[in-house]
Structure formats: C-alpha cells, structure tokens
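# Just need the structure, nothing else, for what follows:
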Amino acid sequence: MRKVIMNLAVSLDGFIEGPNGEYDWCYSDQDYGMEAFYSNTDTMFIGRKSFEMIRNDLDMFPVPNIYVFSGSVTPEEGETFNVIHRNEFDKVVDQILNTEGGDIWLFGGAELVSIFMNKRLVSELLLAIHPIVLGEGKPLFQEIKSRVQLNLLESTAYDTGLLQIRYGLKPWFDPETLSLL
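Coordinates of the predicted model:
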C-alpha cells in the first residue's frame, strides 16, 4: 500500500491559515526539503477550498496526478486533474492506495485532513513549523475522533527558524477494547 504523507506548513500555535485564509506567512526563500519530497511523490490529494487557493499556481507543484475532493469543481480548458466526489471516496481512494506508484501528498485542507485521519489513512505527518504565532486562523486538526500516537522519524532545523518534523503514526488502537483498528 502506498504511503499518504500529510505535508503542511503550520504556525507555532497550530494554524494552517491566518484568520482571513492567508498563508503569506509561509517561508518560500529556500527549498526546505521539497525537492526531495517531490522526487518520491506522484500524487496529490487536495480539498476544494485548498485547490481553489492554488489553482492558478498548479505549475509550482510538480506532481503528475492531482485528485480534488469536491462535488463542484470541474477542470477548465488545459487543466489536468481528477475529481473525487464524496459518494465515491472510499472506493476511489482504496483503488489509488493499492495501485503501484509513489507517495501520496495529502495537501489539505483541514476538513480533508480530518477525514483521512479519522479513516486512519495517513502514514506520516511532515510538518513545516514556522516561527510565527498567528493568534487565530484555521487550526490544523479539527474533529479528530480518537487519540493519535506518533513516532518521531526525523527533524531538520533551518537557519530561518523553520523546523521540519516528520512523524510516523503508531498503530491505531480502540481504547475501549485495546485492539488494533
């Protein structure tokens, strides 16, 4: 099964967007490991709102297979991406996960992250923690239904103060029965 890696920028206080949806606080002055990440990644999963934010800049993301989770987005002329509707989520995602290929980038947004976390489909978290406190905005984790234990796989500190942390998810347990889910 292919790995689903949630790779996101996050503020020190846990927000993935500012209060007005802005992400101008994200550093873009150097690579921050993205070239290496792209070299192993051939698929992106992205929610509609996040897709609309980056739609005009898709060429910045060298990922050949993009899947937008939406019931309302349709490709415009020249655009190449796939749309996954809510009613086909389980079937299509299962097919993609069990097809040969590279890693899958779970780009976001927060609602899609919650769905993938609650369905226990995330393999790793790769968080670029920016040295800024936003005070308010959209939190990274919302409506997570159970505890998630993590293993630190690696961390990289950059001279800008950005800290990149990679976590693997420990096996998922049902706290009531103490059995694997």
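# CA atoms of stretch 72-87 as PDB?
The C-alpha coordinates for stretch 72-87 follow below in PDB (Å, rounded to 0.1, in the frame of the first residue of the first chain):
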ATOM      1  CA  SER A  72     -18.500  21.200  -7.600                       C
ATOM      2  CA  VAL A  73     -15.000  21.600  -9.200                       C
ATOM      3  CA  THR A  74     -14.600  20.800 -12.900                       C
ATOM      4  CA  PRO A  75     -11.500  21.100 -15.000                       C
ATOM      5  CA  GLU A  76     -11.200  24.200 -17.200                       C
ATOM      6  CA  GLU A  77      -9.600  24.000 -20.600                       C
ATOM      7  CA  GLY A  78      -5.900  22.900 -20.300                       C
ATOM      8  CA  GLU A  79      -6.200  21.700 -16.700                       C
ATOM      9  CA  THR A  80      -5.500  18.100 -15.900                       C
ATOM     10  CA  PHE A  81      -6.700  16.800 -12.500                       C
ATOM     11  CA  ASN A  82      -9.200  14.300 -11.300                       C
ATOM     12  CA  VAL A  83     -12.300  15.000  -9.100                       C
ATOM     13  CA  ILE A  84     -13.400  12.600  -6.400                       C
ATOM     14  CA  HIS A  85     -17.000  13.000  -5.200                       C
ATOM     15  CA  ARG A  86     -18.000  12.300  -1.600                       C
ATOM     16  CA  ASN A  87     -20.100   9.300  -2.500                       C
END
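# List the buried residues of that stretch.
Buried residues in stretch 72-87, counted by 16 or more other Cβ atoms under 10 Å: V73, F81, V83, I84. C-beta coordinates here come from the backbone N, C-alpha and C atoms, glycine included.
# next one: that stretch to chain centre, how far?
How far stretch 72-87 lies from its chain's middle: 18 Å, per Cα atoms, centre = their mean, to the nearest Å.
# quick thing: my sequence starts at 51, can you match it?
In the new numbering, first residue 51, that becomes stretch 122-137.
# ok, and what's touching it?
With Cβ atoms under 8 Å, 6 or more residues apart in numbering as the contact definition, stretch 122-137 has outside contacts at 98, 101-102, 108, 115-121, 142-143.
# pLDDT score for A178?
Here the pLDDT value assigned to A178 is 98.
# still on that earlier bit, want to try CSV for the contacts of stretch 122-137, with neighbour count as columns?
CSV is the format used below for these (neighbours: other Cβ atoms under 10 Å):
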residue, neighbour count
R98, 18
F101, 23
E102, 14
L108, 15
N115, 18
I116, 21
Y117, 19
V118, 23
F119, 25
S120, 18
G121, 10
V142, 16
V143, 20
